[in-house]
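Enquirer: how would this look folded up:
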Amino acid sequence: MIGYVHYKSWIETYTGLFPDEIMERISLERSAKLEKEHPENTYVAITLINKIVKSSINRALFLL
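Expert: The predicted structure follows:
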């Protein structure tokens, strides 16, 4: 689930802002793998308006 949030937030936030070569390296499988390997780096909260907020060390906050 958290890997999906990471993947989806990157696709929705950075498509058109980052070069295609970078965006093409982002995959759901890679995001899920990173989450499993480093769960200590991820924090997730649901706000009062039911938005998912994802934050991890060395990364910015993302709103879906």
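
Enquirer: Counting neighbours, what do you get for H6?
Expert: Applying other C-beta atoms under 10 Å, we find 23 residues neighbouring H6. All C-beta atoms are positioned from the backbone trio N, CA, C, and that covers glycine.

Enquirer: Mind telling me what element it is part of?
Expert: Assigned by DSSP states H and E, H6 falls within helix 2-14.

Enquirer: continuing past that helix, what's the next helix or strand?
Expert: According to DSSP H and E, the helix or strand after helix 2-14 is helix 20-23.

Enquirer: S9: how many residues sit nearby?
Expert: By the criterion of other C-beta under 10 Å, S9 has 20 neighbours.

Enquirer: no, scratch that, I was asking about V5
Expert: Around V5 there are 18 residues (other C-beta under 10 Å).

Enquirer: what separates it from E21, distance-wise?
Expert: Noted for V5: a distance of 23 Å to E21, by C-beta to C-beta, to the nearest Å.

Enquirer: now swap in H6 and tell me
Expert: 19 Å.
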